[in-house]
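Make a model of this:
(one chain, ligands or ions: 2)
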Amino acid sequence: MTKRALITGITGQDGSYLAELLLEKGYEVHGLVRRSSSFNRARIDPIYLHPDNAGRLSLHYGDLTDSTSLTNIVRAAAPDEVYNLAAQSHVAVSFEMPEYTASADAIGAIRLLEAVRQHAPDARFYQASTSEMFGLTPPPQHEGTHFHPRSPYGAAKLHAHWATVNYREAYGLYAVSGILFNHESPRRGESFVTRKISLAAARIAATGSASGATGALTLGNLDAIRDWGYAAEYVEGMWRMLQQDEPADFVLATGVGSTVRDFCELAFSHVGLDWRDHVVTDPRFVRPAEVPELVGDASHAASELGWKATTSVGELARLMVDADLAALGATSSAAAERA
Ligand code: NAP
Ligand code: F7E
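Ligands and ions are numbered 1, 2, ... in the order given. This next block holds a predicted model:
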């Protein structure tokens, strides 16, 4: 029997990798997409338009803030597995839009859990939780670590996390919360720090300027420490969480922390540049409350799921810069020779 999966957030970084993975595994995939005045499907067009996937990948209009659409989609897709990846996922933006962030990220998860409970109670449910829920609690963070979110985003995701646990305990749903540390890729949104850095390094190497009036890369807090892994590997962990005998929550992380400054060094040195010549800081990019250090302990995922991150932060920075260079028609060796 062909398995059916529903993915919210299919147009995002993780949704696009997960859709590819599930199609490779023979699933019929349904994705929730938002109406937009401009195209927002660049990440999934290669699979959506591929003739092999005709009839195997269906897109449905909906929104996490609209329970009617969620109910209709769950009923139409009749999924075996539901992956709730949709979210207002930008921490800095959540300070400017706390109410919307709570509606989409916290209540949105509850809307979807309710739709699943009522219309597909045997479906397995994955909630995209986040290391941001740990916030101020020092590393290494694991499934038992105290939560102390530092942003409207982190607080909303914590609400959704506990709602997921509650639906498991109260209604017996196979519902799991994947607590994922930062994971990046060439498909990362351009306003997240790693992609901002990889794009700037590539642009400066290829054209001499990052963009904007000064031609420099403008960042906020360079001291923040994050545990950066490769997104393509993390979606495999999500899938494995839904294949266990019993539902449980898992941290996915590399276990290695690096500063924003370190990531600049890794990305710029790959194209023969000194990041200090090209990066300026601006308090406008500093958050009202910062999360200083996130480094995860994913030993539970290693022992129970057999999952381990294998791409180092250096490899990640290089593959992101290379992808951004390729989009500009350049290569790292040519750029480094010119530098
Ligand atoms: P992303 O690239 O920002 O993608 C977010 C997705 O959610 C997009 O498809 C977006 O649609 C959709 N979306 C946003 N608001 C929505 C709404 N109200 N209704 C329906 N869809 C909506 O995020 P990501 O990096 O792939 O992350 C996937 C999930 O994991 C998110 O929930 C994020 O919070 C969580 N997470 C991410 C990380 C990470 O490091 N990447 C770590 C831990 C947890 P549009 O394309 O239309 O904007
Ligand atoms: O910031 C600092 C910033 O926005 C990382 C989301 O996927 O991962 C992501 O959230 C760090 C922070 O990611 C700039 O202050 C400095 O300390 O790339 P980011 P994030 O906030 O860690 C978690 C796990 C999620 O769940 C989220 O959905 O970098 N930083 N200068 C900057 N950050 C940005 N965006 N832009 C800067 O100019």
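
And the longest helix seen in the chain, what's buried?
Criterion DSSP state H: the longest helix present in the chain is helix 152-171. Across helix 152-171, burial judged by 16 or more other Cβ atoms under 10 Å covers 152-165, 167-168. Every residue, glycine included, has its C-beta placed from N, CA and C.

And stretch 200-211, by the same measure?
A200, A201, A202, R203, I204, A205, A206, A210.

before we move on, what about stretch 215-224?
Neighbour-count burial for stretch 215-224 [16+ other Cβ under 10 Å]: A216, L217, L219, G220, N221, A224.

distance between the ends of that stretch?
Using Cα to Cα, to the nearest Å, the end-to-end distance of stretch 215-224 comes out at 24 Å.

Stretch 54-71 too?
25 Å.

Mind checking which of the buried residues of stretch 215-224 are in helices?
Per DSSP H, those never map to helices.

In terms of distance to ligand 1, which of these ranks first?
Using Cβ to the nearest ligand atom, A224 comes nearest to ligand 1 of those, at 13.5 Å.

Next, the contact list for the closest one, please.
Shown in contact with A224 (Cβ atoms under 8 Å, 6 or more residues apart in numbering): T259, V260, E290, V291, P292, E293.

So it versus A200, what's the distance?
17 Å (Cβ to Cβ, to the nearest Å).

Please apply the same query to T218.
Separation of T218 from A200 (Cβ to Cβ): 9 Å.

ok now stretch 203-222, how far from the chain's centre?
24 Å (Cα atoms, centre = their mean, to the nearest Å).

And ligand 2, is that stretch touching that?
Yes - Stretch 203-222 is in contact with ligand 2 by Cβ under 6 Å from any ligand atom, via L219, G220, N221.

Can you check the distance spanned by that stretch, start to finish?
End-to-end distance (Cα to Cα), stretch 203-222: 20 Å.

Quick check: of the residues of stretch 203-222 next to ligand 2, which lies closest to V279?
Nearest to V279 among the residues of stretch 203-222 next to ligand 2: L219, at 6.0 Å, using Cβ to Cβ.

Isn't that closest one up against F263?
No - taking Cβ atoms under 8 Å as the definition, L219 is not a contact partner of F263, at 10.0 Å.

Please enumerate the shared neighbours of those two.
Common contact partners of L219 and F263 (Cβ under 8 Å, 6+ apart): V193, I197.

Where do the helices of the protein begin and end?
13-24, 45-48, 67-77, 91-96, 98-101, 108-119, 152-171, 193-207, 231-241, 260-270, 299-305, 313-327, 332-338.

Select, out of those helices, the one closest to ligand 1.
Here helix 13-24 is closest among the helices of the chain (Cβ to the nearest ligand atom), at 3.5 Å.

and that closest one with ligand 2, contact?
No - for helix 13-24, no contact with ligand 2 is found by Cβ under 6 Å from any ligand atom; the gap never falls below 8.3 Å.

now that helix against helix 193-207, angle please.
Helix 13-24 runs at 90 degrees relative to helix 193-207, counting by axes from the mean of the first three to the mean of the last three Cα atoms, to 10 degrees.

and for helix 13-24, what are the contacting residues?
For helix 13-24, contacts defined as Cβ under 8 Å, 6+ apart pick out 5, 7-10, 29, 31, 43-44, 47, 53, 56-57, 83, 85-86, 128, 183, 185, 187-189, 231-232, 234-236, 238-239.

The protein against ligand 2: which residues are in contact?
Within the chain, the residues that sit near ligand 2 (Cβ under 6 Å from any ligand atom) are 89, 91-92, 130-132, 181-182, 191-193, 196, 219-221, 224, 226, 260, 285, 287, 290.

hmm, which of those are the buried ones?
89, 91-92, 130-132, 181-182, 192-193, 196, 219-221, 224, 226, 260, 290.
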